[in-house]
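K.L.:
just need the structure, nothing else, for what follows:
(chains A, B, C and D)
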Protein chains: 2
Amino acid sequence: MIRLLLADDQALVRGALAALLDLERDLEVVAQVGRGDEVVSAALAAQADVALLDVEMPGLDGIAAAAALRAGAPSCRSLIVTTFGRPGYLRRALDVGASGFVVKDTPAEQLADAVRRVHSGLRVVDPDLAVASLTVGDSPLTEQETRVLTLAADGGTVAQVAGEAHLSEGTVRNYLSAAMGKTGGRTRAEAVRIARDNGWL
Amino acid sequence: MIRLLLADDQALVRGALAALLDLERDLEVVAQVGRGDEVVSAALAAQADVALLDVEMPGLDGIAAAAALRAGAPSCRSLIVTTFGRPGYLRRALDVGASGFVVKDTPAEQLADAVRRVHSGLRVVDPDLAVASLTVGDSPLTEQETRVLTLAADGGTVAQVAGEAHLSEGTVRNYLSAAMGKTGGRTRAEAVRIARDNGWL
DNA sequence: AGGTCGGCATGACATTCGTCATCTCGCCCC
DNA sequence: GGGGCGAGATGACGAATGTCATGCCGACCT
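P.N.:
Now for the predicted structure:
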């Protein structure tokens, strides 16, 4: 009997996944949480074998949660289940010790198999995404560029970003300029979009 | 026995919802599609009573699909099930004749009840969203403003948008300026964000 | 000590943007 | 025919943005 933990911020999806997986004879959902920062404690309390983690979650994102699991509950393997097939997500997830990465586009029948493979120590990776991850490569952005770009992502002015980042206004422009150069975007907004699509944010 | 049609572009979510709803004695999933433009034909072929429609779908979005259902398969009621609780979505969905609107945050147990209520002719509306819809109101943007803002949404420059829209460069700026005024955003990107959050795009 | 390098700031410059008043043209209405 | 009206265009102007060269400073070699 494989003991499962579900982490997804959408209660409906969580419950539906639980229903789907509980249909399998050898699977058992023993915990559900809606926030990333509750994953480790729930995994410990429920003695979960495998954690299904969404990437977009309040508190702690799924990748960070996988890292926390690795540290705090090493016997629990993690399988990232996410809406967005961003190459950077896959790379970061594997870097952090996740055992599997599945996008929500995959047929429902394959999920249980993915869980079993992960539980038996194998790695499960979406093949399309794997090649995308290779062609796109790692994020070319430095830490600061990422930070500034993230702050600028919701459309604030340079002055606002400079204030939030405790940087000079000119420096912010420099970082944004560098980020635009590296992403190939001609505009700040375009750079944000490209970085998002690649999972670099 | 209530016959259900599921429409969601994410196969995993679709399958999971099917598993969840099939647990109920009086519910039966008779069709599943991954695109909005397959909804009507599938509903007719399967003689569905209620259609669960996601908003974000390729081909035709869930709201347009609900409208198409109203016209092409009037005996099938539609229940919008969406990730994003955008007030504008709710309003448009109701305008178009949808019988219910549920966000994916709601507990899984309530979904079956929502389906039953919709089937019996009642309307199901998320109460929080209903008040939000009242306070936010309808989109203040004109058709052109919406179009230009949508084109500008992915970060292109004014010249690009002008080319795609077959408008003068100055006119584009005028529309963007108007859109920023109406949304309250100080920046083009911010206007995009606000319009998106309200479901005006 | 000297040298190099990365993070941050500064200043100057050409574009681009956001704003506004104004003009044209087609359309509807009386 | 005349008057309004809305969509689109134009032009001008100040502010914000994108780009680049340069200066400063602390860290880290050797």
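
K.L.:
may I have stretch A:94-113 as CSV, with CA atoms only?
P.N.:
Output in CSV follows, covering the C-alpha atoms of stretch A:94-113 (Å, rounded to 0.1, in the frame of the first residue of the first chain):
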residue,chain,number,x,y,z
LEU,A,94,15.3,17.7,-10.5
ASP,A,95,18.1,19.8,-9.1
VAL,A,96,16.2,19.9,-5.8
GLY,A,97,15.8,16.1,-5.6
ALA,A,98,12.3,15.6,-6.9
SER,A,99,11.7,12.1,-8.3
GLY,A,100,9.2,13.0,-11.0
PHE,A,101,7.6,15.7,-13.0
VAL,A,102,4.3,15.4,-14.7
VAL,A,103,2.1,18.0,-16.4
LYS,A,104,-1.6,18.1,-16.0
ASP,A,105,-2.1,17.5,-19.7
THR,A,106,-1.1,13.9,-19.4
PRO,A,107,-3.9,11.3,-19.5
ALA,A,108,-5.3,10.4,-16.1
GLU,A,109,-4.5,6.7,-16.5
GLN,A,110,-0.8,7.4,-16.4
LEU,A,111,-0.8,9.2,-13.1
ALA,A,112,-1.1,6.1,-11.0
ASP,A,113,1.7,4.5,-12.9
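
K.L.:
quick one: least confident helix or strand in chain A?
P.N.:
Within chain A, no helix or strand scores below helix A:127-136, which has a mean of 83 by mean pLDDT, DSSP states H and E.

K.L.:
okay, it in PDB with CA atoms only?
P.N.:
Listed next in PDB are the C-alpha coordinates belonging to helix A:127-136 (Å, rounded to 0.1, in the frame of the first residue of the first chain):
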ATOM      1  CA  PRO A 127       9.700  13.400 -22.300                       C
ATOM      2  CA  ASP A 128       8.600  16.400 -24.300                       C
ATOM      3  CA  LEU A 129       9.500  18.600 -21.500                       C
ATOM      4  CA  ALA A 130      12.900  17.000 -21.000                       C
ATOM      5  CA  VAL A 131      14.000  17.900 -24.500                       C
ATOM      6  CA  ALA A 132      12.600  21.400 -24.100                       C
ATOM      7  CA  SER A 133      14.600  21.800 -21.000                       C
ATOM      8  CA  LEU A 134      17.700  20.900 -22.900                       C
ATOM      9  CA  THR A 135      17.200  23.300 -25.700                       C
ATOM     10  CA  VAL A 136      16.100  26.200 -23.400                       C
END
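
K.L.:
now that helix: buried residues?
P.N.:
Residues A:129, A:132-133, A:136 are the ones in helix A:127-136 that count as buried (16 or more other C-beta atoms under 10 Å in any protein chain shown). C-beta here means a position set from N, CA and C on the backbone, and glycine is covered the same way.

K.L.:
pick the one among those closest to residue B:33.
P.N.:
residue A:129 (24.1 Å; C-beta to C-beta).

K.L.:
separation between the closest one and residue A:76?
P.N.:
Using C-beta to C-beta, to the nearest Å, residue A:129 is found at 23 Å from residue A:76.

K.L.:
before we move on, the earlier item: from the contact counts, what lies against the least confident helix or strand of chain A?
P.N.:
Helices and strands touching helix A:127-136, by 3 or more C-beta pairs under 8 Å, 6 or more residues apart in numbering or on different chains; DSSP states H and E, are helix A:87-95.

K.L.:
what's the angle between the helix it packs on and helix A:127-136?
P.N.:
Computed by axes from the mean of the first three to the mean of the last three C-alpha atoms, to 10 degrees, the angle separating helix A:87-95 from helix A:127-136 equals 100 degrees.

K.L.:
list the contacts of the helix or strand following helix A:87-95.
P.N.:
Counting by DSSP states H and E, the next helix or strand C-terminal to helix A:87-95 is strand A:100-103. The set of residues external to strand A:100-103 that reach it, using C-beta atoms under 8 Å, 6 or more residues apart in numbering or on different chains, is A:77-85, A:89-90, A:93-94, A:110-111, A:114, A:117-118, A:123-126, A:129, B:12.
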